[in-house]
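Enquirer: this is a predicted model, with the sequence first.
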Amino acid sequence: MIEAVTSDRIRAAEGPLLAAGTPLMERAAHQVALRVADVLRARAGAVAGARVVVLVGAGNNGGDGLHAAALLARRGARVTAALLAERAHAGGVAAARAAGVRLVASPGKDRPSALPDVPRAAQVAVARESLAAHVVVDALCGIGARGALRGSAARVVREINRGRDGSDTFVVAVDVPSGIGVDDGVVPGPVLAADLVLACGGPVAGLLLPPAARLAPVVEVLDLGVDVPDPGEQVVRRLEDADVRALWPVPHATDDKYARGVVAIVAGSRTYPGAGVLCAGAAVASGAGMVRYVGPRRAEDLVLAAHPEVVPGDGRAQAWVVGPGLEPDDEDAERLVRAALGRAGAGSEAHFAATGVWGSGAGATDGGVVPVVVDAGALALLPTRCAPWVVLTPHAGELARLLTSRGRPVSRSAVEAAPAEHAAEAARLTGATILLKGATTVVVGRGGVLAQADAPAWLATAGAGDVLAGLLGTLLAGRAADAVRDPALVARLAALAALVHGRAAHDANPGGPVSASAVLAQLPRTVARLLALPA
Ligand SMILES: NC(=O)C1=CN([C@@H]2O[C@H](COP(=O)(O)OP(=O)(O)OC[C@H]3O[C@@H](n4cnc5c(N)ncnc54)[C@H](OP(=O)(O)O)[C@@H]3O)[C@@H](O)[C@H]2O)[C@H](O)CC1
Ligand SMILES: [K+]
């Protein structure tokens, strides 16, 4: 599991070390130079003679970049450092100059230390040189960034981005891609997408959160000897493949189908029967002990034809999945959804307030409260307050509608610009655990925020959400008693579902198109592959 913290925590951790004179910048620069040298050997064959452009901002992030530039120049790389702010780290400039780094827009001996704005022609030249370099090092700003990139830095980044399609420029970001919201992952202006991010001391939350996460697909943490203290709730987590084994409900030799967990599905309609087929199929394929299906005749016939092991009709279950492919104003479906939500125990919060525990663990298996996954059409049928083992699985548009219906009017694009913030708002307003689907899926529940970026872009396809809902149903049914006892587990199981869903999409057809049916068919093998990994 990757854990990322807010920038305050990083600063608090590094403060005493800096006060004691620990050379953190030198350590950071040394490690950045080593990793850039690795990339240069892979891309240019050798460090000597390879072309590097370092984009330098006003603060210590720029200082890291300048010192790394000096180290690379001493190993024979042809390094240009473009100073794109009104000032630059003095020690870094001196080191770079002494090592033979070419400084663009640099203060000359007879110029004041404040730098003039870089002229337009020089900005274009820096961008051209960057696009022709073997590696561009982005050291414009790190955790000190406030708001969208400004001035020459913004204009050069825009210019590089304009030429980047079709160029194979490799960008190494120092600490973060400059200009992302380091704590909330927003992208308020131009940012250079990084091929590799070298996080100084520990990753900040913005690297894992959408939309910034897509600009930081590979993050390596540089060990600077900084111990980040326990972040408490101020943490964003990402599950990795090695976490699957510890969380997955693997059956015991003595379990029968009921002990393994029964999932009941209310999905699919006369118009959209396929959602029922995919959702029930995913619950079967991910290893439920039994799957029940409740829906109209046409959909039920298709579900049973595709998955004969599904049991038709209402009955006891350890988890419910409601909503995929329901028709609006279908009274039968509405009744079933409300009944399922009733089984989750909307009043559980009062019980929690009175007793300090979230319901009895036994309840989930003896007909008491059970987890419920609420997707698509069923999102409109929520009670005022939900228990945390009710998991809502909206996409951005559905979350915008949900928030608007609860007196927080917001557009889909506003949700997409700040998904974590809006998911947290929905969690606060409903009490439920929120799984907000997207290229990076955000889960907000008891125990904090998780962000999963496991899915190939090909997975944005019809029916993928129905498969995810069914898969999550199986996980919640398999660990229902644990989930009701410990709601923080609910959020982890939701993130686990997103992880496995994304991996199955990749495994089904690496690098190419994938249908929801193909993901479903792939699930058993992907689960087996992940369970075989060492924890
Ligand atoms: N974690 C560690 O152990 C270490 C990290 N280090 C590196 O230091 C940076 C943080 O350095 P800091 O100087 O605090 O801040 P930055 O370099 O990130 O940026 C601040 C300067 O950038 C200017 N700024 C702020 N916002 C913008 C913007 N939107 N556009 C352009 N420029 C911006 C800001 O200017 P002001 O006018 O606002 O003052 C600052 O001058 C950390 O990320 C690591 O890379 C150290 O090496 C120590 C070890
Ligand atoms: K940076």
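Expert: Sure thing, it's come through. Ligands and ions are numbered 1, 2, ... in the order given.
Enquirer: next up, the contacts around the residue in the stretch 251-400 of the chain that ligand 1 sits nearest to.
Expert: As assessed by CB to the nearest ligand atom, ligand 1 sits closest to Ala396 within the stretch 251-400 of the chain, at 25.7 Å. To be clear about C-beta, it is placed using only N, CA and C from the backbone, and glycine gets the same treatment. Applying CB atoms under 8 Å, 6 or more residues apart in numbering to Ala396 gives the contacts 412, 415-416, 419, 436-438.
Enquirer: narrow those residues to just the buried residues.
Expert: 415-416, 419, 436-438 (16 or more other CB atoms under 10 Å).
Enquirer: just these now: which is nearest ligand 2?
Expert: Pro419 (22.4 Å; CB to the ion).
Enquirer: ok, that closest one touching Lys437?
Expert: No. Distance between Pro419 and Lys437: 9.5 Å, which falls outside the contact criterion (CB atoms under 8 Å).
Enquirer: where does the stretch 251-400 of the chain have low pLDDT?
Expert: 346-367 (pLDDT under 70).
Enquirer: ok, for the residue of it found nearest ligand 2, nearest residue in space, not its chain neighbours?
Expert: Distances between the stretch 251-400 of the chain and ligand 2 by CB to the ion are smallest at Ala396, namely 27.6 Å. In this structure, Ala396 finds its nearest non-sequential neighbour in Val415, 4.3 Å apart by CB to CB, 6 or more residues apart in numbering.
Enquirer: secondary structure element for the one you found?
Expert: helix 412-417 (DSSP states H and E).
Enquirer: now what about that helix, what contacts it?
Expert: Residues contacting helix 412-417 (CB under 8 Å, 6+ apart): 186-187, 211, 396-397, 399-400, 403, 422, 436, 438.
Enquirer: now the element after that helix, going C-ward?
Expert: Helix 412-417 is succeeded, C-terminally, by helix 419-430 (DSSP H and E).
Enquirer: show me the contact partners of the very next helix or strand once past that following helix.
Expert: Next along the chain after helix 419-430, taking DSSP H and E as the criterion, comes strand 433-436. With CB under 8 Å, 6+ apart as the test, strand 433-436 has contacts from 388-396, 399, 415, 419, 422-424, 426-427, 441-446, 472, 487, 490-491, 494-495, 497-498.
Enquirer: in strands only, show me those residues.
Expert: Using DSSP state E, the subset of those located in strands is 390-392, 441-445.
Enquirer: any chance you could map the helices in the stretch 101-250 of the chain?
Expert: 120-132, 151-164, 244-247 (DSSP state H, counting those that start in this stretch).
Enquirer: format the ones you listed as TSV; extra columns: distance to Gly91, mean pLDDT and mean neighbour count.
Expert: Below are the helices of the stretch 101-250 of the chain laid out as TSV (distance: least, CB to CB, whole Å; pLDDT from 0 to 100; neighbours: other CB atoms under 10 Å):
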stretch	distance to Gly91	mean pLDDT	mean neighbour count
helix 120-132	22	92	18
helix 151-164	20	94	20
helix 244-247	46	97	17
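Enquirer: any idea which of the ones you listed gets closest to ligand 1?
Expert: Taking these one by one with CB to the nearest ligand atom, helix 151-164 is closest: 5.0 Å.
Enquirer: now the strands: where do they sit in the stretch 101-250 of the chain?
Expert: Secondary structure of the stretch 101-250 of the chain (DSSP state E, counting those that start in this stretch): strands located at 102-104, 135-139, 170-174, 196-200, 219-222, 235-238.
Enquirer: what sits against the nearest residue to Gly377 once chain neighbours are set aside?
Expert: Closest residue in space to Gly377, ignoring its immediate chain neighbours: Leu326 at 3.7 Å, by CB to CB, 6+ apart. Listed by CB under 8 Å, 6+ apart, the contact set of Leu326 reads 266-269, 272, 275, 333, 337, 376-378.
Enquirer: distance check, Leu326 against Gly295.
Expert: Leu326 sits 9 Å away from Gly295, going by CB to CB, to the nearest Å.
Enquirer: what residues are shared contacts of these two?
Expert: With CB under 8 Å, 6+ apart, Leu326 and Gly295 have common neighbours 266-269, 333.
Enquirer: list the contacts of Gln432.
Expert: To be clear, residue 432 is Ala; Gln isn't right here. Ala432 touches 374, 382, 386-388, 390-392, 426, 445, counting by CB under 8 Å, 6+ apart.
Enquirer: is it true that Pro188 touches Gly147?
Expert: Yes. Contact criterion CB under 8 Å: Pro188 and Gly147 qualify, at 5.9 Å.
Enquirer: show me which of the two is the more surrounded one.
Expert: When Pro188 and Gly147 are compared for neighbours, Pro188 comes out ahead with 16 against 10, by other CB atoms under 10 Å.
Enquirer: can you get me a residue count around whatever residue of the chain ends up closest to ligand 2?
Expert: Ligand 2 sits closest to Ser178 of the chain, with a gap of 4.0 Å, by CB to the ion. For Ser178, the neighbour count with other CB under 10 Å is 27.
Enquirer: now do the contacts for it.
Expert: Applying CB under 8 Å, 6+ apart, the residues near Ser178 are 55, 57, 61, 138-142, 145, 149, 153, 157, 191-192.
Enquirer: I'd like these laid out as CSV, including distance to Val236.
Expert: Output for the contacts of Ser178, formatted as CSV (distance: CB to CB, whole Å):
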residue, distance to Val236
Leu55, 27
Gly57, 25
Asn61, 21
Asp138, 22
Ala139, 24
Leu140, 23
Cys141, 20
Gly142, 17
Ala145, 18
Leu149, 23
Ala153, 26
Val157, 25
Val191, 19
Leu192, 22
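Enquirer: now, among those, which is nearest to Val527?
Expert: Nearest to Val527 among the contacts of Ser178 is Val191, at 35.8 Å by CB to CB.
Enquirer: next one: that closest one from ligand 1, what distance?
Expert: 10 Å (CB to the nearest ligand atom, to the nearest Å).
Enquirer: isn't that residue right next to Ala154, touching?
Expert: No. If you go by CB under 8 Å, Val191 and Ala154 don't touch, sitting 9.6 Å apart.
Enquirer: show me whatever sits in contact with both of these two.
Expert: Gly179.
Enquirer: who in the stretch 101-250 of the chain is up against ligand 2?
Expert: Contact residues (CB under 5 Å from the ion) of the stretch 101-250 of the chain with ligand 2: 138, 173-174, 178.
Enquirer: burial measure for the residue lying closest to Ala46 once chain neighbours are set aside, as a count.
Expert: Once flanking residues are discounted, Ala46 sits nearest to Leu40: 7.3 Å by CB to CB, 6+ apart. Number of residues near Leu40 (other CB under 10 Å) recorded here: 24.
Enquirer: isn't Leu40 right up against Val52?
Expert: Yes. With contacts counted by CB under 8 Å, Leu40 reaches Val52, the gap being 7.2 Å.
Enquirer: next, show the common contact partners of these two.
Expert: Common neighbours of Leu40 and Val52 (CB under 8 Å, 6+ apart) are 72, 77, 134-135.
Enquirer: look up phi and psi at the residue lying closest to Leu66 once chain neighbours are set aside.
Expert: Using CB to CB, 6+ apart and skipping residues adjacent in sequence, the residue nearest Leu66 is Gly92, 2.8 Å away. Backbone torsions for Gly92, taken as degrees, to the nearest 10, come to phi -70, psi -40.
Enquirer: quick check, pLDDT for Gly92.
Expert: Gly92 is assigned 96 on the pLDDT scale.
Enquirer: tell me which parts of the protein are close to ligand 1?
Expert: 10, 14, 24-25, 28, 57-62, 64, 85, 141-150, 153, 174-175, 200-201, 224, 226 (CB under 6 Å from any ligand atom).
Enquirer: re the thing from before, against Arg479, how distant is the residue nearest to Leu66?
Expert: In terms of CB to CB, Gly92 sits 52 Å off from Arg479.
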